[in-house]
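Asker: everything below, folded, please.
(chains A and B)
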Protein chains: 2
Amino acid sequence: MALVDLSQQVALGIDIGGTNTKFGLVNHRGQILEKGSLKTDDFPLVEDFIDALYENLAPLIARHCDEGKLDGIGVGAPNANYYTGTIEQAPNLNWKGIVPFAELMTKKFGIRCKMTNDANAAALGEMMFGAARGMKDFIMMTLGTGVGSGIVTGGNLLYGHDGFAGELGHTIVKPGGRKHWSTGSEGSLEAYASATGIAITAKKMRAEFPDSMLNTYPEEAISSKVVYECAIAGDATAIEVFRYTGQKLGEALANFVMFSSPEAILLFGGVIKAGDFILKPTKLHMERNLLPIFRNKVSLVFSELNEADAAILGASALVWEK
Amino acid sequence: MALVDLSQQVALGIDIGGTNTKFGLVNHRGQILEKGSLKTDDFPLVEDFIDALYENLAPLIARHCDEGKLDGIGVGAPNANYYTGTIEQAPNLNWKGIVPFAELMTKKFGIRCKMTNDANAAALGEMMFGAARGMKDFIMMTLGTGVGSGIVTGGNLLYGHDGFAGELGHTIVKPGGRKHWSTGSEGSLEAYASATGIAITAKKMRAEFPDSMLNTYPEEAISSKVVYECAIAGDATAIEVFRYTGQKLGEALANFVMFSSPEAILLFGGVIKAGDFILKPTKLHMERNLLPIFRNKVSLVFSELNEADAAILGASALVWEK
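Answerer: From the prediction side, this is the model:
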């Protein structure tokens, strides 16, 4: 009997975003053998999108995968349901209603396809290839344009009753607080701790402090990146923007810790480029809101995955999930 | 080979509280064969407490358990650690530090002993014998003098990295809000949604409304029970006390739903005697704070277990936990 050399097996990881879709063939060590991308919003019909994916991917698969080497397809997509393999009412995608994406993929590619949302995929990628190797209980927070999360408990991703568990960006951190630009909820974590939220905070604060360097930029140029540059240059208002953001994030993390008692919280995404400007207040306000029994136990860790590849790695990890 | 008739097997359930300890022999159907209690605070030394437990329980075991019928001992206790079988720094017990309770019990009784905190035990009891039969994802909230919680995901109790997961009563629902009388935290759920918290709210609100029936009681008589009686009599201030409590509870539950996406949330304890006065606003504010994807999916259910027996049943269920 020939044993299968697991390290030679390959998975196809696909990350679907509102604008771009990235894909890659990944081996069991987390190396990307070949990758590519296409424009998601070029395809009003999901069937055409899948045809285009197939045209792009068939040559890659032929080049890298001998018979039996491709273990499956993993897809990270907004509002993807792990249990049903569908994309449901995704606000940023052209395809409306409930799309049986995994089934369509399997029909086209002739191989099984698993799906989950992008933040869950990121958590899996981190557990298989990144900073969470060997961890059984951790929370992954993706802090980018929005705030996503993937929760791992007892070594498994938490999906909940309907597959949609882990929407921590939409938990309310300040009841009656800032209205969210898209969901309409008041005071959600995403409204403060996303790059979008940081820009809003910066615009409010610079109006209070006329001397702030933030006032040298036109309104539309204010972004978390600009706030970071001003903070690095020593601008007190810019530093306060991150401190305030870190406070809100830290308060939220304390609540998450008292829910699932993780070993670590992993932070990922553009926002964490602010480094200690955001990490230190986050840690401080997390600790101060914890019961003593949880204090100084939970590490706050930055992701170890290359940001450009993380989504592909995460999606591919779905194929090998236990 | 003789098959074991599971329905004849018995577990010993013990619920340790700061003042009283209740115990009972429970069969696989959730019937209590015999029960009793003793005073926890009569015993400054844990060894003496366990000796007294043994003296009380040996005759019960002799009466009801033929050879091989007793499957084990389950204990629900404050700050009990499921992984280590210890009680750690419990503020309401005489026994300080880290007490190896399960080990001492096994030594004395000659049978395995499992432990968890009281709210986790209640969740197990509800899953085995009560309103959560057949459910795999639910959250149990115990609303009494304090607020406890037990979280079940994928059919298993959530213990987290260190065994202390599910301290939802201590999550912050109003940052910078009401100072907790014991933990010192500001704005925790327990500070509002416990019977203690309801009494505090009532004392504040009656001062604002001199005409309220609540003002006919002396300060020390104000309790959630009195607020309920005034609400039943139609007092608007008393009704508002429960509405406000329900709002805080509902906002918290929305956040919990977006964490673990449960099928149901079970409510248990003295506070729920207020019925619709608290249930309706709780439901309303839970739904309004949920992302659309979670709305009208999660049932809010009252516990089905007899309150006097629930703790014993829950502790015994620990013995049979998968």
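Asker: what's the first helix or strand after the lengthiest helix in chain A?
Answerer: Across chain A, the longest stretch assigned as helix under DSSP state H is helix A:236-260. Downstream of helix A:236-260, the next assigned helix or strand under DSSP states H and E is strand A:264-268.
Asker: tell me where the stretch 101-250 of chain A has strands.
Answerer: Ranges of strands in the stretch 101-250 of chain A, per DSSP state E, counting those that start in this stretch, are A:113-116, A:138-143, A:147-153, A:156-157.
Asker: show me the one of those that comes nearest residue B:26.
Answerer: strand A:147-153 (28.3 Å; CB to CB). Heads up, the C-betas are built off the backbone N, CA and C, glycines and all.
Asker: so for that closest one, mean pLDDT?
Answerer: Averaging pLDDT along strand A:147-153 gives 96.
Asker: ok, now stretch A:113-132?
Answerer: Here the average pLDDT along stretch A:113-132 is 94.
Asker: would it count as contacting chain B?
Answerer: No - figure legend: stretch A:113-132 not in contact with chain B (CB under 8 Å from any CB of the partner chain); closest approach 10.8 Å.
Asker: quickly run through the sheet partners of the one helix or strand residue A:300 maps to, with directions.
Answerer: Per DSSP H and E: residue A:300 is located in strand A:299-302. Applying DSSP bridges, strand A:299-302 is found paired with strand A:264-268 (parallel).
Asker: can you state the direction angle for the partner strand and helix A:236-260?
Answerer: Inter-element angle recorded for strand A:264-268 and helix A:236-260: 140 degrees (by axes from the mean of the first three to the mean of the last three CA atoms, to 10 degrees).
Asker: please state the offset of strand A:264-268 from the chain centre?
Answerer: Averaging C-alpha positions (CA atoms, centre = their mean, to the nearest Å) puts strand A:264-268 11 Å from its chain's average.
Asker: what's next to that strand, contact-wise?
Answerer: Residues outside strand A:264-268 that contact it (CB atoms under 8 Å, 6 or more residues apart in numbering or on different chains) are A:122-123, A:126, A:130-132, A:135, A:138-143, A:253, A:256-257, A:279, A:298-303, A:305, A:307, A:310.
Asker: now do 6 Å
Answerer: The contact list for strand A:264-268, computed with CB atoms under 6 Å, 6 or more residues apart in numbering or on different chains, reads A:126, A:131-132, A:138-142, A:253, A:299-303.
Asker: quick one: average confidence on it?
Answerer: Per-residue scores along strand A:264-268 average to 97.
Asker: most neighbours among the contacts of strand A:264-268, which one is it?
Answerer: Among these, residue A:140 has the most neighbours (other CB atoms under 10 Å in any protein chain shown), with 33 neighbours.
Asker: what about the residue lying closest to that one once chain neighbours are set aside, how many residues close to it?
Answerer: In space, and not counting its chain neighbours, residue A:140 is closest to residue A:123: 3.8 Å by CB to CB, 6 or more residues apart in numbering or on different chains. Neighbours of residue A:123 under the rule other CB under 10 Å: 30.
Asker: now do the contacts for residue A:123.
Answerer: Per CB under 6 Å, 6+ apart, neighbours of residue A:123: A:140, A:150, A:152.
Asker: helices along the stretch 51-200 of chain A, start to end?
Answerer: In the stretch 51-200 of chain A, the helices defined using DSSP state H, counting those that start in this stretch lie at A:101-109, A:118-129, A:189-193, A:195-208.
Asker: show me which residues of stretch A:290-300 are buried.
Answerer: Taking 16 or more other CB atoms under 10 Å in any protein chain shown as the basis for neighbour counts, the residues of stretch A:290-300 that come out buried are A:290-291, A:293-294, A:297-298, A:300.
Asker: mean confidence for that stretch?
Answerer: Mean predicted lDDT for stretch A:290-300 stands at 94.
Asker: now that stretch: how far from the chain's centre is it?
Answerer: 24 Å.
Asker: thinking again about what came up before, which single one of the contacts of residue A:123 is nearest to chain B?
Answerer: If you rank these by distance to chain B using CB to the nearest CB, residue A:152 comes first, at 10.4 Å.
Asker: and the nearest residue to the closest one once chain neighbours are set aside, how far from residue A:301?
Answerer: Spatial nearest neighbour of residue A:152, chain neighbours left out: residue A:138 (5.3 Å); criterion: CB to CB, 6+ apart. Here residue A:138 is placed at a distance of 9 Å from residue A:301 (CB to CB, to the nearest Å).
Asker: residues contacting residue A:23?
Answerer: Applying CB under 6 Å, 6+ apart, one finds that residue A:23 lies in contact with A:14, A:36.
Asker: in a helix, it, correct?
Answerer: No - under DSSP: H, G, I helix; E, B strand; the rest coil, residue A:23 sits outside any helix and is assigned strand.
Asker: re earlier: for the strands of the stretch 101-250 of chain A, give me CSV that also has distance to residue B:205.
Answerer: Shown next, in CSV, are the strands of the stretch 101-250 of chain A (distance: least, CB to CB, whole Å):
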stretch, distance to residue B:205
strand A:113-116, 46
strand A:138-143, 37
strand A:147-153, 36
strand A:156-157, 44
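Asker: and residue B:174, which of these is closest to it?
Answerer: So among those, strand A:147-153 is nearest, using CB to CB, at 20.8 Å.
Asker: returning to that earlier point: residue B:50: which of the strands of the stretch 101-250 of chain A is closest?
Answerer: strand A:147-153 (32.8 Å).
Asker: run the chain-centre distance for the closest one.
Answerer: 8 Å.
Asker: same thing with stretch A:14-28?
Answerer: On CA atoms, centre = their mean, the centre of stretch A:14-28 falls 13 Å from the chain's centre.
Asker: buried sites along stretch A:144-162?
Answerer: Applying 16+ other CB under 10 Å to stretch A:144-162 flags A:144-153, A:156-162 as buried.
Asker: what's next to that stretch, contact-wise?
Answerer: By CB under 6 Å, 6+ apart, stretch A:144-162 touches A:82, A:119-120, A:122-123, A:136-142, A:165-166, A:168-169, A:189-190, A:193-196, A:260, A:269-270, B:137, B:153, B:158, B:260-263.
Asker: spatially nearest residue to residue A:13 (excluding sequence neighbours)?
Answerer: What sits nearest to residue A:13 in space, not counting adjacent residues and going by CB to CB, 6+ apart, is residue A:316, at 3.1 Å.
Asker: can you tell me which residues contact the one you found?
Answerer: So residue A:316 contacts A:11, A:13, A:26, A:74 (CB under 6 Å, 6+ apart).
Asker: please redo it, this time with the cut-off set to 8 Å
Answerer: Contacts of residue A:316 (CB under 8 Å, 6+ apart): A:11-13, A:24, A:26, A:74, A:125.
Asker: want to try a markdown table for those residues, with neighbour count as columns?
Answerer: Converted to a markdown table, the contacts of residue A:316 look like this (neighbours: other CB atoms under 10 Å in any protein chain shown):
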| residue | neighbour count |
| --- | --- |
| A:11 | 25 |
| A:12 | 28 |
| A:13 | 28 |
| A:24 | 24 |
| A:26 | 30 |
| A:74 | 30 |
| A:125 | 32 |
